[in-house]
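Asks: I would like the atomic coordinates for the input below:
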Amino acid sequence: MNEIEFNQNEDAMKLAIYEMKSKLKKIHLGGGQKKIDSQHKNGKMTARERIDYLTDESSEFLEIGSFVGEGMYEEYGGCPSGGVVAGIGYVSGRMCMIVANDATVKAGAWFPITGKKNLRAQEIAMENKLPIIYLVDSAGVFLPLQDEIFADKEHFGRVFRNNAKMSAEGIPQISAIMGSCVAGGAYLPIMSDEALIVDKNGSIFLAGPYLVKAAIGENVDQETLGGAKTQTAISGVCDYNMPDDQTCLDTIKGLVSHFGERGNAGFDRIEAIAPALKQEEIYGIYSGATHKPYETREIIKRLVDDSKFTEYKADYGQTIVCAYARIDGWSVGIVANQRNIVKSGKGEMQLGGVIYSDSADKAARFIMLCNQKKIPLVFLQDVTGFMVGSRSEHGGIIKDGAKMVNAVSNSTVPKFTIVVGNAYGAGYYAMCGKAYDPRLIVGWPLSKIAVMGGQQAAKVLLQIQVASMKAKGQEPDEDAQNKLLTKITERYDRTTSPYHAAARLWIDDIIDPLDTRKWISMGIEAANHAPVEKFNVGVLQV
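Replies: Down below sits the predicted model:
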């Protein structure tokens, strides 16, 4: 790679990161400054302020789903971060999942995507056996969209089912009622192991004063119905009556400090060493232009400790790089797509970013070895799919692809997926896409997720539309077809952007490449709280 290409790549990545940070700055305001000021006037912290106060000073907080809801629900004024802030942080030295309703966004009401984000937070806590802390401040289900969040398996009610499951598994749950908690939402804190409620601001009941009046004709004020004194001294629903937000959060810190150790999974970690090569050089090495090659090994060198790794079967199946390395001291197995055009063992050229039979075979075997050795797996995705054509079909590409998918599906060591660039077709699945249960999955700012690339998809869609027009007696000229192609491409590309994926929680977040080590390290630390099951791949075609 020459200096000009390096600088072009660097500029493109820095521009994308600037755009990402600008969006985050706006998202972090939640419902806006006026709503934040209103919270403060009522003696309440915002969701992010509560998390900042609760977590240990100078510790990392790994926010999950920052971009959830981005570009969605615009007709209702939007739903920044899905109206809830969630992530992995340290409380009294213990790693915990923290979920805080953002009352500046529609009074903390649950949109459909809010439910999905809460379930994702619970899933992470359950997989990794992490204690979970809920900071509740919500008006309940957003009624105009109730049909999209109430009745189905993965809707609102699943949250309470998970409360019960976690309690049975011995995963600690603490809830703090710091604002409204109404209707079905009232079950979340009370199905937790312990519940705190903030006096005057906190309230919890199955039906509010207006509904009580409508249902049974009783006149009752909010405090008498379900305020802190009622629910601690009279009903016994809550365990602790707290005078204010700070005292409530300090009490949670104290409760967490008493948790006993559960043991760990035994993943290997030694003292961390920073990469010997500059991590910032990733910006210039990585090419966001999908048609331009780059050397994956140079990216890996800037992610792993001391820039050293041991490559497995280096001369075989070269469109996938498999390697043992360490990230922040943790032992990892890396499976990474290679976008460079390479030569196969038979001397033929192989397209970069494409998975061939030999690459799939190698990756499957490496994944099985990592499971045997109890080594967490890291997937660096930049894949355009499996190789097609008669030669590949005759060589059994489907069989070898299935072998890789089988190994990924049955892998029991924790898996972490970084969507570096393209994530297209079945290649996305084989490289541990969202459906294959990565503990965490994030994307770099120039990544794309789709069934196929924009240009190919747009041409296919154009052919379908032109054929439909011709069937109706219309004959679009070349200029009309070009305009139609541009329109289709733009529409398709919008749905492949990382923001489209992050808004819908197809990925957990969009990150600066320089934060990749942190995400992997904290992810493995979280996973180390849970035991690893026995690995069995089932039937493989050989």
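
Asks: which element is the closest residue to residue 285 other than its chain neighbours on?
Replies: Ranked by CB to CB, 6 or more residues apart in numbering and with sequence neighbours excluded, the top spatial neighbour of residue 285 is residue 298, at 5.0 Å. No exception for glycine: its C-beta is placed from N, CA and C like everyone else's. Using DSSP states H and E, residue 298 sits within helix 296-301.

Asks: and residue 352, by the same measure?
Replies: For residue 352, there is no host helix or strand (DSSP H and E).

Asks: separation between it and residue 209?
Replies: Noted for residue 352: a distance of 64 Å to residue 209, by CB to CB, to the nearest Å.

Asks: ok, now residue 412?
Replies: 51 Å.

Asks: who has more neighbours, these two?
Replies: Using other CB atoms under 10 Å, the more surrounded residue of residue 412 and residue 209 is residue 209, with 18 against 13.

Asks: would you list the phi and psi of the more buried one?
Replies: phi -50, psi -40 (degrees, to the nearest 10).

Asks: ok, it - contacts?
Replies: Residue 209 makes contacts with 219, 220, 221, 222, 225, as judged by CB atoms under 8 Å, 6 or more residues apart in numbering.

Asks: and residue 432, by the same measure?
Replies: Taking CB under 8 Å, 6+ apart as the criterion, residue 432 is in contact with 335, 377, 379, 381, 408, 415, 417, 438, 441.

Asks: isn't there a strand covering the last one?
Replies: Okay, so that is residue 441. Yes. With DSSP: H, G, I helix; E, B strand; the rest coil as the criterion, residue 441 is assigned to a strand.

Asks: now do the contacts for it.
Replies: Going by CB under 8 Å, 6+ apart, residue 441 touches 416, 417, 418, 419, 432, 433, 434, 507, 508.

Asks: could you dump these into CSV and include distance to residue 315?
Replies: Below are the contacts of residue 441 laid out as CSV (distance: CB to CB, whole Å):
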residue, distance to residue 315
416, 27
417, 26
418, 25
419, 27
432, 24
433, 28
434, 32
507, 33
508, 35
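
Asks: narrow the residues you listed to those in helices?
Replies: Among those, no residue falls in helices (DSSP state H).

Asks: give me phi/psi at the residue of the chain most remote from its centre?
Replies: In the chain, the residue that sits farthest from the middle, by CA atoms, centre = their mean, is residue 473; the gap is 47.7 Å. The phi and psi values for residue 473, taken as degrees, to the nearest 10, are phi 90, psi 10.

Asks: and residue 62, by the same measure?
Replies: Residue torsions, per degrees, to the nearest 10, at residue 62 are phi -100, psi 100.

Asks: the closest residue to it other than its chain neighbours: helix or strand, and which one exactly?
Replies: The shortest distance from residue 62 to any non-neighbouring residue, by CB to CB, 6+ apart, is to residue 88 (4.4 Å). If you go by DSSP H and E, residue 88 is part of strand 84-91.

Asks: tell me the mean pLDDT for that strand?
Replies: Across strand 84-91, the average pLDDT comes to 98.

Asks: shaky segments in the stretch 201-350 of the chain?
Replies: For the stretch 201-350 of the chain, applying pLDDT under 70 flags the ranges 347.

Asks: apply 80 and report the result again.
Replies: 289-291, 341-350 (pLDDT under 80).

Asks: can you show me the strands along it?
Replies: Per DSSP state E, counting those that start in this stretch, the stretch 201-350 of the chain carries strands over the ranges 203-205, 240-242, 309-312, 320-327, 330-337, 342-343, 349-350.

Asks: just give me how far the third one sits from the chain centre.
Replies: Spelled out, it's strand 309-312. 28 Å (CA atoms, centre = their mean, to the nearest Å).

Asks: could you say what helices and strands it packs with?
Replies: Under the contact criterion of 3 or more CB pairs under 8 Å, 6 or more residues apart in numbering; DSSP states H and E, strand 309-312 touches helix 296-301, strand 320-327, helix 357-372.

Asks: can you put these in TSV and add distance to residue 513 and mean neighbour count?
Replies: Formatted as TSV, the helices and strands packed on strand 309-312 follow (distance: least, CB to CB, whole Å; neighbours: other CB atoms under 10 Å):
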stretch	distance to residue 513	mean neighbour count
helix 296-301	8	20
strand 320-327	13	23
helix 357-372	23	22
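
Asks: quick one: closest of the ones you listed to residue 166.
Replies: Smallest distance to residue 166 across those (CB to CB): 26.0 Å, for helix 357-372.

Asks: helices or strands next to that closest one in the packing?
Replies: Looks like helix 357-372 contacts strand 309-312, strand 320-327, strand 330-337, helix 397-410 (3+ CB pairs under 8 Å, 6+ apart).

Asks: what's the angle from it to strand 320-327?
Replies: Between helix 357-372 and strand 320-327, the angle comes out at 30 degrees (axes from the mean of the first three to the mean of the last three CA atoms, to 10 degrees).

Asks: what about helix 357-372, distance to the chain center?
Replies: 25 Å.

Asks: and what of stretch 152-170?
Replies: Distance, centroid of stretch 152-170 to centroid of chain: 19 Å (CA atoms, centre = their mean).

Asks: now that stretch: average pLDDT?
Replies: pLDDT averaged over stretch 152-170 gives 94.

Asks: how many neighbours does the residue nearest to residue 503 when sequence neighbours are not counted have?
Replies: Closest residue to residue 503 apart from its sequence neighbours, by CB to CB, 6+ apart: residue 70 at 4.0 Å. Look at residue 70: counted by other CB under 10 Å, it has 23 neighbours.

Asks: and the pLDDT at residue 70?
Replies: 96.

Asks: nearest to residue 286, out of the helices and strands packed on helix 357-372?
Replies: Going by CB to CB, the one of these nearest residue 286 is strand 330-337, 12.0 Å.

Asks: please export the C-alpha coordinates of that closest one as CSV.
Replies: Output of strand 330-337 as CSV, limited to C-alpha atoms (Å, rounded to 0.1, in the frame of the first residue of the first chain):
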residue,chain,number,x,y,z
TRP,A,330,-6.4,-12.8,27.4
SER,A,331,-5.6,-15.9,25.2
VAL,A,332,-7.8,-15.7,22.1
GLY,A,333,-8.3,-17.5,18.8
ILE,A,334,-8.7,-15.1,15.9
VAL,A,335,-10.7,-16.0,12.7
ALA,A,336,-10.3,-13.1,10.2
ASN,A,337,-11.3,-12.7,6.5
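
Asks: I'd like to know which elements that strand is packed against.
Replies: For strand 330-337, the packing partners by 3+ CB pairs under 8 Å, 6+ apart come out as helix 296-301, strand 320-327, helix 357-372, strand 377-383, helix 516-527.

Asks: nearest to residue 277, of the ones you listed?
Replies: Checking those against residue 277 by CB to CB gives helix 296-301 as the closest, at 5.3 Å.

Asks: all strands of the stretch 1-150 of the chain, in order?
Replies: Applying DSSP E, counting those that start in this stretch to the stretch 1-150 of the chain gives strands spanning 62-64, 84-91, 94-101, 132-138.

Asks: need the winner for burial among these.
Replies: Of the strands of the stretch 1-150 of the chain, the one with the most neighbours on average (mean count of other CB atoms under 10 Å) is strand 132-138, at a mean of 27.

Asks: tell me the angle that one makes with strand 84-91.
Replies: Using the same axes, to 10 degrees: strand 132-138 against strand 84-91 is 140 degrees.

Asks: for residue 220, grab phi and psi.
Replies: Torsion angles, degrees, to the nearest 10, at residue 220: phi -150, psi 140.
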